[in-house]
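S.K.: The sequence and its predicted three-dimensional model are supplied below.
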Amino acid sequence: MAIELRRGSERRTLLGDGVHAWQTFDSQSNGVGFGSLVALDELHFSPGGGAIVPSWAEGEIVTVVHRGALRQADSMGRSAVLYAGEVQRRSSNDGLWCREENASQNNVTLVFRTALLSPEANRETAYEQTRFTAAERHNRLCAVGSVDGRRGSLRLRGNALVLAGVLDAGRHLLYDIPPDSAVWLHVMTGEMRLREFVLSSGDGAGLTDERAVALTATRHAELLLVQLPMSG
C-alpha cells in the first residue's frame with residue numbers, strides 16, 4: 001500500500017497574460033505525472049485575461065469550470081463558452097490551437113484541467129461538453145468522464161474515470177478502488193482528511209495498491225478523483 005502526497009505549495013506556478021497557473025505535475029521539478037494522468041492544473045483567469053493553448057495529440061484534455069465562464073475559439077473557427085459546472089473533453093490533431101479567455105471583464109474564472117494519455121485520442125479532433133449540477137455532485141462522487149459515457153458523462157477514449165464531488169463538513173465518503181487500478185485525489189477547495197493526512201485546497205494524493213479511499217471533509221470541500229489502470 002502506498003500514498004504519494006503532493007502539497008499545493010509544491011506545485012509549479014506560471015504567470016502569463018492574465019492567467020495564473022498551478023501545475024501539480026511538472027517534469028522539470030517533481031515528475032512527469034501519475035500513470036496516464038500527465039497533468040492536473042489549476043488556472044485562474046483574471047478579468048479579460050487569456051492564453052493560447054497548443055494542440056496535444058497524445059491524449060485527451062478534460063476541463064472543469066469551477067467558477068465563472070471560459071470562452072474558447074480555435075484555429076478551425078469554432079467557438080464555445082463553458083460556464084461554472086460544465087466540463088469539456090477535447091482531443092486534437094497536431095497544428096490545432098485554441099485561444100482561451102475569461103468571458104467576464106469583472107470576475108475571476110477558476111478552471112481545473114487534467115491531461116490523460118490515450119493512444120486513441122490523436123486519430124481525430126473531437127470536442128464534447130456537458131453540465132453537472134451541484135445536486136448531482138453533492139455528498140457523492142459523480143462520474144464526469146468515463147470510457148463508457150456512463151450516466152451522461154463525457155466519453156473518454158483512454159481507460160480512465162474522472163469523478164467530481166462536493167462534500168459538506170463532517171461528511172464521510174468511501175470509494176472502492178477496482179483491482180489493478182490506482183487513483184489520484186485532488187482537493188479543489190476546502191479541507192479533508194485522508195487517513196492521518198489533512199489535505200487542503202491544492203493538495204493531491206496518489207494511491208496505489210489500495211482497496212478503497214476513505215475521506216472525511218473537515219470543512220466544506222470539493223474534489224476531483226481520477227481512477228487509472230495500474231499499468232497507466
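M.R.: Cool, the structure landed.

S.K.: which secondary element of the chain has the worst mean pLDDT?
M.R.: Least confident helix or strand of the chain, by mean pLDDT, DSSP states H and E, is strand 50-54 with a mean of 85.

S.K.: So which bits of whichever helix or strand comes after that strand are buried?
M.R.: Using DSSP states H and E, the next helix or strand after strand 50-54 towards the C-terminus is strand 59-67. Neighbour-count burial for strand 59-67, counted by 16 or more other C-beta atoms under 10 Å, picks out G59, E60, I61, V62, T63, V64, V65, H66. All C-beta spots, glycine's among them, are computed from the backbone N, C-alpha and C.

S.K.: remind me which residues of the protein are low pLDDT?
M.R.: 1, 27-31, 57, 92-95, 119-125, 231-232 (pLDDT under 70).

S.K.: Quick one: the helices in it, in order.
M.R.: 134-137 (DSSP state H).

S.K.: can I have the top strand by length along it written out in PDB, keeping just the CAs?
M.R.: Taking DSSP state E as the criterion, the chain has its longest strand at strand 212-229. Extracted in PDB, the C-alpha atoms of strand 212-229 (Å, rounded to 0.1, in the frame of the first residue of the first chain):
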ATOM      1  CA  ALA A 212     -10.500   1.900  -1.000                       C
ATOM      2  CA  VAL A 213     -10.300   5.600  -0.400                       C
ATOM      3  CA  ALA A 214     -11.800   6.800   2.900                       C
ATOM      4  CA  LEU A 215     -12.300  10.600   3.200                       C
ATOM      5  CA  THR A 216     -13.800  12.900   5.800                       C
ATOM      6  CA  ALA A 217     -14.500  16.500   4.900                       C
ATOM      7  CA  THR A 218     -13.200  18.600   7.900                       C
ATOM      8  CA  ARG A 219     -14.600  21.700   6.100                       C
ATOM      9  CA  HIS A 220     -16.900  22.100   3.100                       C
ATOM     10  CA  ALA A 221     -14.800  20.600   0.300                       C
ATOM     11  CA  GLU A 222     -14.800  20.000  -3.500                       C
ATOM     12  CA  LEU A 223     -12.600  17.300  -5.000                       C
ATOM     13  CA  LEU A 224     -11.600  15.500  -8.200                       C
ATOM     14  CA  LEU A 225     -10.800  11.800  -8.200                       C
ATOM     15  CA  VAL A 226      -9.100  10.200 -11.300                       C
ATOM     16  CA  GLN A 227      -9.100   6.400 -11.500                       C
ATOM     17  CA  LEU A 228      -6.400   4.900 -13.700                       C
ATOM     18  CA  PRO A 229      -5.200   1.400 -14.700                       C
END
